[in-house]
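Visitor: Sequence plus the predicted model coming up.
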Amino acid sequence: MEQILLMNEQVPTAVPSTDAPAAPALKPKKVSESATTMTQMVMPNDTNPMGNLMGGNLLCWMDIACAICAGKHCETHVVTASVDHVSFQKPIRVGEVVTLEAHVTRAFNTSVEVIVEVFACDIKGHNVRRCNSAFFTFVALDGHNGSPVPVPPVLPLTEIEQQRYESAPRRRELRLLLGGRIKPEDALEIRHLFT
Ligand SMILES: CC(C)(COP(=O)(O)OP(=O)(O)OC[C@H]1O[C@@H](n2cnc3c(N)ncnc32)[C@H](O)[C@@H]1OP(=O)(O)O)[C@@H](O)C(=O)NCCC(=O)NCCS
């Protein structure tokens, strides 16, 4: 379980009881404030018998890059709640350089969606290619009692940030549906796709 604790951790206050005053709304944060880039070189120990980066190792790096991004956005501990479909489209060879770029797309109540894009190139920086991408969902947890806590909204500024922000509720519904957390009749954003 990935528990990310930032050095400058600011743990949001606990959700108040019903007779306490409502907590102030969290200030929206720009996508760029938590953008995270991670670079790795594929070493022999990271590979499968074909000499390519093993999928499980790439997933681990993706999870770490996304968790750092989500932790920076939420400013508290985060845990991975789900990983959407991942396909490994292009092999990455031993000795190549892998760059993972993670950005928050949208925050909900206590969860945040992060997209990670994976690029590979040779040691000279040539043969750059986009190998895959995936959406990860993290839940922010109170550092003391481990219960989910509210997360700051995302402020999308660029066109791609806007696109990812607007499509995020549909992806969220689909993953909650597939995860058995909502019923098909409650999937209001995507129900029309199946009828
Ligand atoms: C993620 C976790 C904290 C959610 O706990 P919970 O008691 O179900 O909490 P809630 O029902 O209050 O849901 C909290 C948030 O998680 C989201 N969530 C829960 N399961 C989810 C899933 N499978 N996919 C996406 N989001 C999920 C909910 O939608 C909710 O988000 P919102 O507040 O933004 O609407 C809990 O399931 C957990 O600890 N899982 C293990 C995490 C872990 O160890 N990860 C590493 C891999 S082992």
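Guide: Sure, I can see it. Residues are numbered from 1 along each chain as shown.
Visitor: what's across from H103 in the sheet?
Guide: I115 (DSSP bridges).
Visitor: so where is the protein shaky, pLDDT-wise?
Guide: 1-21 (pLDDT under 70).
Visitor: same for the longest strand anywhere in the chain, what does it pack against?
Guide: Longest strand in the chain by number of residues (criterion: DSSP state E): strand 129-141. When contacts are defined as 3 or more C-beta pairs under 8 Å, 6 or more residues apart in numbering; DSSP states H and E, strand 129-141 sits against helix 55-74, strand 77-83, strand 111-121, helix 159-178. From N, CA and C alone the C-beta is placed, and that goes for glycine too.
Visitor: Export only the CA atoms of the last one, formatted as PDB.
Guide: Provided in PDB are the C-alpha atoms of helix 159-178 (Å, rounded to 0.1, in the frame of the first residue of the first chain):
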ATOM      1  CA  GLU A 159      -7.300  23.100 -23.400                       C
ATOM      2  CA  ILE A 160      -6.100  19.600 -22.600                       C
ATOM      3  CA  GLU A 161      -6.600  20.200 -18.900                       C
ATOM      4  CA  GLN A 162     -10.100  21.300 -19.600                       C
ATOM      5  CA  GLN A 163     -10.800  18.200 -21.800                       C
ATOM      6  CA  ARG A 164      -9.500  15.900 -19.100                       C
ATOM      7  CA  TYR A 165     -11.400  17.700 -16.400                       C
ATOM      8  CA  GLU A 166     -14.700  17.500 -18.300                       C
ATOM      9  CA  SER A 167     -14.400  13.800 -19.200                       C
ATOM     10  CA  ALA A 168     -13.400  12.800 -15.700                       C
ATOM     11  CA  PRO A 169     -16.900  12.200 -14.300                       C
ATOM     12  CA  ARG A 170     -17.600   9.700 -17.000                       C
ATOM     13  CA  ARG A 171     -14.500   7.700 -16.300                       C
ATOM     14  CA  ARG A 172     -15.200   7.900 -12.600                       C
ATOM     15  CA  GLU A 173     -18.700   6.500 -13.100                       C
ATOM     16  CA  LEU A 174     -17.400   3.700 -15.300                       C
ATOM     17  CA  ARG A 175     -14.700   2.600 -12.800                       C
ATOM     18  CA  LEU A 176     -17.200   2.800  -9.900                       C
ATOM     19  CA  LEU A 177     -19.600   0.700 -11.900                       C
ATOM     20  CA  LEU A 178     -17.000  -1.900 -12.900                       C
END
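Visitor: Stretch 185-194 vs the ligand: in contact?
Guide: No. On the criterion C-beta under 6 Å from any ligand atom, stretch 185-194 is out of touch with the ligand, staying 12.1 Å away.
Visitor: who touches that stretch?
Guide: Applying C-beta atoms under 8 Å, 6 or more residues apart in numbering, the external contacts of stretch 185-194 come out as P169, R170, E173, L174, L176, L177, P184.
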